[in-house]
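>>> This is a predicted model, with the sequence first.
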Amino acid sequence: MNTRVLSEGALAHDHPLAVRLLLNIGHGLDHMFLLIFAAAVGVIAADFGFQNWEDLMPYGVGAFFLFGIGSLPAGRLGDLWGRRRMMLVFFFGMGVAAILASVTQNAWQLAGALALIGAFASIYHPVGIPMLVQRTEKPGITIGINGLAGNLGVALAALATGFLIKWMGWRAGFAVPGVLALVCGVWFASVCPAETEAPALRKGGAKVVLPRAALARVLVVMTAAAITGSLLFNFTTNGNMQLMVERFQGVVEDPAVLGALLATIYAVASLAQMVFGRLADRVSLKPLFLLVIVGQIPLLALAAQAQGWWLFGALLGAMVFIFGAIPFVDMIIVRYVDDRVRSRVAGIRLTVSFGISSLAVWLLGPVVKGAGFDTLLWLMVGLAVCTSLVVLMLPNEAAAESDAG
(Lines give C-alpha, C1' and ligand atoms only; values in the text may rest on other atoms or scores of the structure.)
Protein backbone atom coordinates (compact mmCIF):
# COMPACT_ATOMS: atom_id res chain seq x y z
CA MET A 1 0.00 0.00 0.00
CA ASN A 2 1.47 3.35 -1.05
CA THR A 3 0.94 5.96 1.62
CA ARG A 4 2.32 9.47 1.88
CA VAL A 5 2.44 11.40 5.16
CA LEU A 6 2.05 15.17 4.83
CA SER A 7 2.42 17.95 7.38
CA GLU A 8 -0.53 20.28 7.91
CA GLY A 9 1.44 23.43 8.49
CA ALA A 10 0.29 25.30 5.41
CA LEU A 11 -1.28 27.94 7.63
CA ALA A 12 1.12 29.43 10.11
CA HIS A 13 -1.21 30.28 12.96
CA ASP A 14 -4.50 29.23 14.50
CA HIS A 15 -7.73 31.20 14.56
CA PRO A 16 -8.00 34.04 17.13
CA LEU A 17 -9.00 32.83 20.59
CA ALA A 18 -12.45 34.46 20.41
CA VAL A 19 -13.18 32.69 17.11
CA ARG A 20 -12.13 29.30 18.51
CA LEU A 21 -14.26 29.95 21.59
CA LEU A 22 -17.31 30.80 19.50
CA LEU A 23 -16.81 27.78 17.24
CA ASN A 24 -16.84 25.59 20.35
CA ILE A 25 -19.83 27.44 21.82
CA GLY A 26 -21.57 26.90 18.50
CA HIS A 27 -21.12 23.15 18.85
CA GLY A 28 -22.68 23.30 22.31
CA LEU A 29 -25.64 25.32 21.04
CA ASP A 30 -26.06 22.96 18.10
CA HIS A 31 -26.61 19.93 20.32
CA MET A 32 -28.52 21.86 22.95
CA PHE A 33 -31.12 23.17 20.51
CA LEU A 34 -31.76 19.72 19.06
CA LEU A 35 -32.46 18.27 22.51
CA ILE A 36 -34.61 20.97 24.10
CA PHE A 37 -37.68 19.21 22.72
CA ALA A 38 -36.63 15.85 24.17
CA ALA A 39 -36.03 17.44 27.59
CA ALA A 40 -39.41 19.21 27.57
CA VAL A 41 -41.56 16.71 25.65
CA GLY A 42 -43.54 15.53 28.70
CA VAL A 43 -44.61 19.06 29.63
CA ILE A 44 -45.29 20.10 26.03
CA ALA A 45 -47.39 16.98 25.43
CA ALA A 46 -49.58 17.82 28.43
CA ASP A 47 -49.92 21.45 27.28
CA PHE A 48 -50.96 20.39 23.78
CA GLY A 49 -53.49 17.83 25.05
CA PHE A 50 -51.59 14.57 24.46
CA GLN A 51 -52.12 11.80 27.00
CA ASN A 52 -48.60 10.34 26.61
CA TRP A 53 -45.24 11.91 25.72
CA GLU A 54 -44.59 8.98 23.36
CA ASP A 55 -47.40 10.24 21.08
CA LEU A 56 -45.77 13.66 20.66
CA MET A 57 -42.21 12.39 20.14
CA PRO A 58 -42.59 11.58 16.40
CA TYR A 59 -43.32 15.26 15.70
CA GLY A 60 -39.62 15.95 16.35
CA VAL A 61 -38.37 13.67 13.57
CA GLY A 62 -38.27 16.51 11.02
CA ALA A 63 -35.58 18.29 13.00
CA PHE A 64 -33.25 15.31 12.92
CA PHE A 65 -34.06 14.43 9.32
CA LEU A 66 -33.18 17.95 8.12
CA PHE A 67 -30.20 17.95 10.47
CA GLY A 68 -28.87 15.13 8.30
CA ILE A 69 -30.13 16.09 4.83
CA GLY A 70 -29.11 19.71 5.25
CA SER A 71 -25.49 18.74 5.90
CA LEU A 72 -24.89 18.05 2.20
CA PRO A 73 -25.68 21.54 0.85
CA ALA A 74 -24.19 23.12 4.00
CA GLY A 75 -20.88 21.33 3.44
CA ARG A 76 -20.80 22.27 -0.23
CA LEU A 77 -21.51 25.92 0.56
CA GLY A 78 -18.88 25.86 3.31
CA ASP A 79 -16.15 24.80 0.86
CA LEU A 80 -17.26 26.89 -2.10
CA TRP A 81 -18.90 29.98 -0.56
CA GLY A 82 -17.00 30.28 2.71
CA ARG A 83 -17.14 28.83 6.22
CA ARG A 84 -17.35 32.19 8.01
CA ARG A 85 -20.49 33.15 6.07
CA MET A 86 -22.11 29.80 6.76
CA MET A 87 -21.40 30.08 10.49
CA LEU A 88 -23.19 33.44 10.54
CA VAL A 89 -26.19 31.79 8.87
CA PHE A 90 -25.97 29.09 11.55
CA PHE A 91 -26.02 31.41 14.56
CA PHE A 92 -28.73 33.76 13.32
CA GLY A 93 -30.88 31.02 11.80
CA MET A 94 -30.82 28.89 14.96
CA GLY A 95 -31.74 31.89 17.10
CA VAL A 96 -34.73 32.87 15.01
CA ALA A 97 -35.97 29.26 14.65
CA ALA A 98 -35.83 28.65 18.42
CA ILE A 99 -37.78 31.83 19.13
CA LEU A 100 -40.41 30.70 16.61
CA ALA A 101 -40.64 27.34 18.42
CA SER A 102 -41.34 29.17 21.67
CA VAL A 103 -44.53 30.76 20.31
CA THR A 104 -46.08 27.71 18.61
CA GLN A 105 -49.63 26.77 19.60
CA ASN A 106 -50.02 23.15 18.48
CA ALA A 107 -48.03 20.04 17.62
CA TRP A 108 -47.81 20.68 13.87
CA GLN A 109 -46.61 24.25 14.34
CA LEU A 110 -43.98 22.97 16.76
CA ALA A 111 -42.98 20.25 14.27
CA GLY A 112 -42.40 22.94 11.64
CA ALA A 113 -40.32 25.09 13.99
CA LEU A 114 -38.29 22.06 15.09
CA ALA A 115 -37.65 21.17 11.45
CA LEU A 116 -36.36 24.71 10.89
CA ILE A 117 -34.05 24.32 13.90
CA GLY A 118 -32.76 21.08 12.39
CA ALA A 119 -32.12 22.73 9.02
CA PHE A 120 -29.95 25.47 10.54
CA ALA A 121 -28.35 23.03 13.00
CA SER A 122 -27.17 20.98 10.01
CA ILE A 123 -24.64 23.70 9.17
CA TYR A 124 -22.38 23.26 12.17
CA HIS A 125 -20.76 19.83 11.76
CA PRO A 126 -19.72 20.06 8.08
CA VAL A 127 -18.67 23.71 8.43
CA GLY A 128 -17.74 24.58 12.01
CA ILE A 129 -15.51 21.58 12.73
CA PRO A 130 -13.49 21.80 9.46
CA MET A 131 -13.11 25.53 10.11
CA LEU A 132 -11.84 24.85 13.62
CA VAL A 133 -9.24 22.23 12.62
CA GLN A 134 -8.04 23.71 9.33
CA ARG A 135 -5.15 25.53 11.05
CA THR A 136 -4.39 23.32 14.04
CA GLU A 137 -1.32 21.10 14.37
CA LYS A 138 -3.02 18.87 16.99
CA PRO A 139 -6.39 17.92 15.52
CA GLY A 140 -7.06 15.16 18.06
CA ILE A 141 -7.14 17.37 21.16
CA THR A 142 -8.81 20.17 19.19
CA ILE A 143 -11.63 17.83 18.17
CA GLY A 144 -11.73 16.44 21.71
CA ILE A 145 -12.26 19.89 23.22
CA ASN A 146 -14.84 20.65 20.55
CA GLY A 147 -16.61 17.38 21.34
CA LEU A 148 -16.57 18.31 25.03
CA ALA A 149 -18.22 21.62 24.16
CA GLY A 150 -20.85 19.85 22.04
CA ASN A 151 -21.79 17.42 24.74
CA LEU A 152 -21.81 20.09 27.41
CA GLY A 153 -24.56 21.47 25.20
CA VAL A 154 -26.35 18.13 25.61
CA ALA A 155 -25.92 18.45 29.38
CA LEU A 156 -27.11 22.06 29.28
CA ALA A 157 -30.24 21.02 27.38
CA ALA A 158 -31.18 18.69 30.23
CA LEU A 159 -30.20 21.08 33.02
CA ALA A 160 -31.30 24.45 31.64
CA THR A 161 -34.54 23.18 30.13
CA GLY A 162 -35.50 21.48 33.40
CA PHE A 163 -35.02 24.65 35.42
CA LEU A 164 -36.53 26.96 32.79
CA ILE A 165 -39.63 24.75 32.71
CA LYS A 166 -39.84 24.86 36.50
CA TRP A 167 -39.40 28.63 36.73
CA MET A 168 -40.85 30.05 33.49
CA GLY A 169 -42.50 27.29 31.45
CA TRP A 170 -41.39 25.23 28.45
CA ARG A 171 -41.55 28.16 26.02
CA ALA A 172 -38.65 29.85 27.81
CA GLY A 173 -36.65 26.66 27.19
CA PHE A 174 -36.59 27.64 23.50
CA ALA A 175 -36.69 31.45 23.73
CA VAL A 176 -33.75 32.00 26.11
CA PRO A 177 -31.26 29.88 24.10
CA GLY A 178 -32.60 31.53 20.93
CA VAL A 179 -31.62 34.97 22.19
CA LEU A 180 -28.21 33.58 23.22
CA ALA A 181 -27.61 32.29 19.67
CA LEU A 182 -28.38 35.72 18.22
CA VAL A 183 -25.90 37.33 20.60
CA CYS A 184 -23.25 34.80 19.57
CA GLY A 185 -23.93 35.58 15.91
CA VAL A 186 -23.29 39.29 16.47
CA TRP A 187 -20.11 38.49 18.41
CA PHE A 188 -18.85 36.08 15.72
CA ALA A 189 -19.43 38.67 13.00
CA SER A 190 -17.33 41.19 14.92
CA VAL A 191 -14.33 38.97 15.82
CA CYS A 192 -13.97 36.53 12.89
CA PRO A 193 -11.86 37.96 10.05
CA ALA A 194 -13.28 37.76 6.56
CA GLU A 195 -11.96 34.85 4.48
CA THR A 196 -9.67 35.90 1.65
CA GLU A 197 -10.70 32.86 -0.41
CA ALA A 198 -13.03 29.90 -0.12
CA PRO A 199 -11.51 26.66 1.28
CA ALA A 200 -11.87 24.92 -2.09
CA LEU A 201 -9.37 27.37 -3.61
CA ARG A 202 -6.65 27.01 -0.97
CA LYS A 203 -3.65 24.72 -0.88
CA GLY A 204 -4.46 21.79 1.36
CA GLY A 205 -3.50 18.25 2.22
CA ALA A 206 -4.33 15.29 4.42
CA LYS A 207 -2.11 14.02 7.21
CA VAL A 208 -2.11 10.50 5.72
CA VAL A 209 -2.69 10.13 1.97
CA LEU A 210 -3.95 6.67 0.96
CA PRO A 211 -4.35 5.09 -2.47
CA ARG A 212 -7.80 5.56 -3.95
CA ALA A 213 -9.06 2.04 -3.09
CA ALA A 214 -7.91 2.26 0.53
CA LEU A 215 -9.40 5.74 0.89
CA ALA A 216 -12.71 4.48 -0.48
CA ARG A 217 -12.72 1.72 2.18
CA VAL A 218 -11.97 4.27 4.89
CA LEU A 219 -14.86 6.47 3.74
CA VAL A 220 -17.24 3.48 3.76
CA VAL A 221 -16.13 2.51 7.27
CA MET A 222 -16.41 6.14 8.39
CA THR A 223 -19.98 6.42 7.11
CA ALA A 224 -21.10 3.07 8.53
CA ALA A 225 -19.60 3.84 11.94
CA ALA A 226 -21.20 7.28 11.84
CA ILE A 227 -24.62 5.74 11.16
CA THR A 228 -24.52 3.29 14.06
CA GLY A 229 -22.91 5.86 16.35
CA SER A 230 -25.53 8.47 15.50
CA LEU A 231 -28.34 5.97 16.13
CA LEU A 232 -26.89 5.28 19.59
CA PHE A 233 -26.48 8.98 20.27
CA ASN A 234 -30.06 9.80 19.23
CA PHE A 235 -31.63 6.90 21.12
CA THR A 236 -29.80 7.79 24.32
CA THR A 237 -29.90 11.57 24.33
CA ASN A 238 -33.57 11.68 23.29
CA GLY A 239 -34.64 8.86 25.59
CA ASN A 240 -32.50 9.13 28.72
CA MET A 241 -34.70 11.70 30.45
CA GLN A 242 -37.84 9.58 30.15
CA LEU A 243 -35.83 6.46 31.02
CA MET A 244 -34.73 8.09 34.27
CA VAL A 245 -38.27 9.27 35.01
CA GLU A 246 -39.45 5.64 34.69
CA ARG A 247 -36.58 3.93 36.52
CA PHE A 248 -36.26 6.51 39.36
CA GLN A 249 -39.89 6.32 40.46
CA GLY A 250 -39.99 6.31 44.23
CA VAL A 251 -36.36 7.44 44.40
CA VAL A 252 -36.23 10.86 42.70
CA GLU A 253 -39.24 12.34 40.93
CA ASP A 254 -38.56 16.10 40.74
CA PRO A 255 -37.96 16.86 37.00
CA ALA A 256 -35.41 19.58 37.82
CA VAL A 257 -33.39 17.17 39.99
CA LEU A 258 -33.59 14.45 37.34
CA GLY A 259 -32.45 17.00 34.77
CA ALA A 260 -29.50 17.88 37.00
CA LEU A 261 -28.58 14.19 37.40
CA LEU A 262 -28.73 13.68 33.64
CA ALA A 263 -26.68 16.83 33.09
CA THR A 264 -24.08 15.41 35.49
CA ILE A 265 -23.90 12.22 33.42
CA TYR A 266 -23.43 14.20 30.22
CA ALA A 267 -20.88 16.59 31.74
CA VAL A 268 -18.71 13.77 33.09
CA ALA A 269 -19.07 11.74 29.90
CA SER A 270 -18.08 14.75 27.82
CA LEU A 271 -14.67 14.86 29.48
CA ALA A 272 -13.92 11.51 27.84
CA GLN A 273 -13.72 13.25 24.47
CA MET A 274 -10.76 15.33 25.60
CA VAL A 275 -8.99 12.24 26.93
CA PHE A 276 -9.56 10.21 23.77
CA GLY A 277 -8.77 13.20 21.58
CA ARG A 278 -5.41 13.67 23.26
CA LEU A 279 -4.66 9.96 22.91
CA ALA A 280 -5.58 10.07 19.21
CA ASP A 281 -2.76 12.56 18.59
CA ARG A 282 -0.30 10.03 20.04
CA VAL A 283 -1.49 6.53 19.14
CA SER A 284 -2.98 4.68 16.18
CA LEU A 285 -6.64 5.50 15.59
CA LYS A 286 -7.99 2.00 14.93
CA PRO A 287 -7.29 0.21 18.26
CA LEU A 288 -8.32 3.26 20.28
CA PHE A 289 -11.62 3.60 18.40
CA LEU A 290 -12.29 -0.13 18.81
CA LEU A 291 -11.66 0.04 22.56
CA VAL A 292 -14.18 2.86 22.94
CA ILE A 293 -16.87 1.01 20.98
CA VAL A 294 -16.42 -2.33 22.78
CA GLY A 295 -16.68 -0.53 26.12
CA GLN A 296 -20.28 0.44 25.33
CA ILE A 297 -21.56 -3.14 25.13
CA PRO A 298 -21.54 -4.39 28.78
CA LEU A 299 -22.67 -1.03 30.17
CA LEU A 300 -25.70 -0.79 27.88
CA ALA A 301 -26.57 -4.37 28.81
CA LEU A 302 -26.40 -3.44 32.50
CA ALA A 303 -28.57 -0.36 31.91
CA ALA A 304 -31.23 -2.57 30.31
CA GLN A 305 -31.81 -4.25 33.68
CA ALA A 306 -30.92 -1.52 36.19
CA GLN A 307 -33.17 0.64 38.37
CA GLY A 308 -32.56 3.77 40.45
CA TRP A 309 -28.96 4.55 41.31
CA TRP A 310 -27.69 1.42 39.55
CA LEU A 311 -29.18 2.86 36.37
CA PHE A 312 -27.40 6.14 37.07
CA GLY A 313 -24.05 4.33 37.28
CA ALA A 314 -24.68 2.23 34.17
CA LEU A 315 -25.80 5.24 32.14
CA LEU A 316 -22.80 7.24 33.29
CA GLY A 317 -20.42 4.54 32.09
CA ALA A 318 -22.28 3.94 28.82
CA MET A 319 -22.39 7.64 27.98
CA VAL A 320 -18.65 7.99 28.64
CA PHE A 321 -18.01 5.54 25.80
CA ILE A 322 -20.85 6.76 23.54
CA PHE A 323 -19.69 10.37 23.83
CA GLY A 324 -16.07 9.26 23.67
CA ALA A 325 -16.70 7.68 20.27
CA ILE A 326 -18.14 10.82 18.69
CA PRO A 327 -14.89 12.63 17.74
CA PHE A 328 -13.38 9.62 15.98
CA VAL A 329 -15.29 10.09 12.73
CA ASP A 330 -14.08 13.70 12.55
CA MET A 331 -10.55 12.48 13.33
CA ILE A 332 -10.79 10.08 10.38
CA ILE A 333 -11.76 12.98 8.11
CA VAL A 334 -8.89 15.16 9.36
CA ARG A 335 -6.38 12.32 9.01
CA TYR A 336 -7.35 11.12 5.53
CA VAL A 337 -9.23 13.95 3.72
CA ASP A 338 -7.79 17.08 2.09
CA ASP A 339 -8.98 20.30 3.77
CA ARG A 340 -10.18 21.67 0.43
CA VAL A 341 -13.01 19.13 0.37
CA ARG A 342 -13.49 18.33 4.06
CA SER A 343 -16.78 20.19 4.41
CA ARG A 344 -18.20 18.36 1.40
CA VAL A 345 -16.99 14.94 2.60
CA ALA A 346 -18.33 15.68 6.08
CA GLY A 347 -21.62 16.84 4.55
CA ILE A 348 -22.04 13.60 2.59
CA ARG A 349 -21.37 11.33 5.55
CA LEU A 350 -23.57 13.49 7.84
CA THR A 351 -26.42 13.44 5.35
CA VAL A 352 -26.33 9.65 5.25
CA SER A 353 -25.69 9.02 8.94
CA PHE A 354 -27.92 11.72 10.43
CA GLY A 355 -30.63 11.12 7.85
CA ILE A 356 -30.82 7.44 8.78
CA SER A 357 -30.36 8.05 12.51
CA SER A 358 -33.30 10.48 12.50
CA LEU A 359 -35.37 7.27 12.47
CA ALA A 360 -34.30 6.83 16.09
CA VAL A 361 -36.36 9.87 17.07
CA TRP A 362 -39.38 8.58 15.16
CA LEU A 363 -39.04 5.03 16.55
CA LEU A 364 -38.23 5.96 20.14
CA GLY A 365 -41.77 6.62 21.33
CA PRO A 366 -43.45 3.65 19.57
CA VAL A 367 -40.70 1.19 20.59
CA VAL A 368 -40.78 2.22 24.24
CA LYS A 369 -44.58 2.28 24.29
CA GLY A 370 -44.81 -1.15 22.69
CA ALA A 371 -41.83 -3.03 24.11
CA GLY A 372 -40.30 -0.95 26.92
CA PHE A 373 -36.93 0.62 27.55
CA ASP A 374 -35.26 -2.73 28.23
CA THR A 375 -35.87 -3.81 24.61
CA LEU A 376 -34.59 -0.47 23.34
CA LEU A 377 -31.38 -0.81 25.35
CA TRP A 378 -30.76 -4.34 24.04
CA LEU A 379 -31.24 -2.96 20.53
CA MET A 380 -28.49 -0.44 21.35
CA VAL A 381 -26.23 -3.29 22.49
CA GLY A 382 -26.67 -4.80 19.03
CA LEU A 383 -25.77 -1.48 17.40
CA ALA A 384 -22.57 -1.28 19.44
CA VAL A 385 -21.60 -4.80 18.34
CA CYS A 386 -22.19 -3.84 14.69
CA THR A 387 -20.06 -0.71 15.09
CA SER A 388 -17.15 -2.71 16.54
CA LEU A 389 -17.23 -5.04 13.52
CA VAL A 390 -17.19 -2.05 11.16
CA VAL A 391 -14.21 -0.42 12.91
CA LEU A 392 -12.18 -3.61 12.40
CA MET A 393 -12.12 -2.72 8.68
CA LEU A 394 -10.08 0.46 9.19
CA PRO A 395 -6.52 0.28 7.81
CA ASN A 396 -3.60 -0.28 10.14
CA GLU A 397 -1.75 3.03 9.96
CA ALA A 398 1.58 1.72 11.24
CA ALA A 399 1.63 -1.03 8.60
CA ALA A 400 0.59 1.40 5.88
CA GLU A 401 3.37 3.88 6.72
CA SER A 402 5.87 1.01 6.91
CA ASP A 403 4.85 -0.14 3.42
CA ALA A 404 5.28 3.40 2.14
CA GLY A 405 8.82 3.56 3.54
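That came in fine, so what should we check first? The structure presented is a predicted model; accordingly, all values stated were derived computationally and were not measured.
>>> now the strands for this protein?
For the chain, applying DSSP state E gives strands covering 4-5, 208-209.
>>> who are the neighbours of the top helix by length along the chain, in terms of helices and strands?
Ranked by number of residues, the top helix in the chain under DSSP state H is helix 212-247. Applying 3 or more CB pairs under 8 Å, 6 or more residues apart in numbering; DSSP states H and E, we find helix 212-247 packed against helix 17-47, helix 139-168, helix 255-280, helix 308-336, helix 342-371, helix 373-391. Where C-beta positions appear, they are placed from N, C-alpha and C, glycine not excepted.
>>> buried ones in the first one?
Under the neighbour-count criterion of 16 or more other CB atoms under 10 Å, helix 17-47 has 19-45 buried.
>>> Then the third one?
If you call a residue buried by 16+ other CB under 10 Å, then helix 255-280 has these buried ones: 255, 258-263, 265-274, 276-277, 279-280.
>>> Tell me how many other residues crowd residue 72.
Using other CB atoms under 10 Å, the number of residues around residue 72 comes to 20.
>>> is it true that residue 123 touches residue 85?
No. Using CB atoms under 8 Å as the test, residue 123 is too far from residue 85 to be in contact (10.3 Å).
>>> Neighbour count for the two, which is higher?
The neighbour comparison of residue 123 against residue 85 (other CB under 10 Å) goes to residue 123, with 30 against 16.
>>> any idea which of the strands of the chain scores lowest on pLDDT?
Mean pLDDT per stretch puts strand 4-5 lowest among the strands of the chain, at a mean of 38.
>>> Now do the contacts for the nearest residue to residue 262 once chain neighbours are set aside.
Nearest in space to residue 262, with sequence neighbours left out and distances taken as CB to CB, 6 or more residues apart in numbering, is residue 158 at 4.2 Å. For residue 158, the contact set (CB atoms under 8 Å, 6 or more residues apart in numbering) comprises 35, 39, 240-241, 259-260, 262-263, 266.
>>> same thing but 10 Å
By CB atoms under 10 Å, 6 or more residues apart in numbering, the residues touching residue 158 are 32, 35-36, 38-39, 237, 240-241, 244, 258-267.
>>> thinking again about what came up before, between the helices and strands packed on helix 212-247, which gets nearest to residue 72?
helix 342-371 (4.2 Å; CB to CB).
>>> I'd like the average pLDDT over that closest one.
71.
>>> where in this structure is pLDDT low?
Along the chain, the parts satisfying pLDDT under 70 run over 1-14, 136, 139-140, 196-214, 337-343, 354-355, 357-358, 361-362, 396-405.
>>> at 50 what do you get?
Across the chain, the ranges flagged by pLDDT under 50 are 1-12, 399-405.
>>> on that earlier part again, now do the shared contacts for residue 123 and residue 85.
Common neighbours of residue 123 and residue 85 (CB under 10 Å, 6+ apart) are 77-78.
>>> For the residue nearest to residue 34 when sequence neighbours are not counted, the count of nearby residues, please.
Take residue 34 and drop its neighbours on the chain: the residue closest to it by CB to CB, 6+ apart is residue 121, 5.7 Å away. For residue 121, the count of nearby residues is 27 (other CB under 10 Å).
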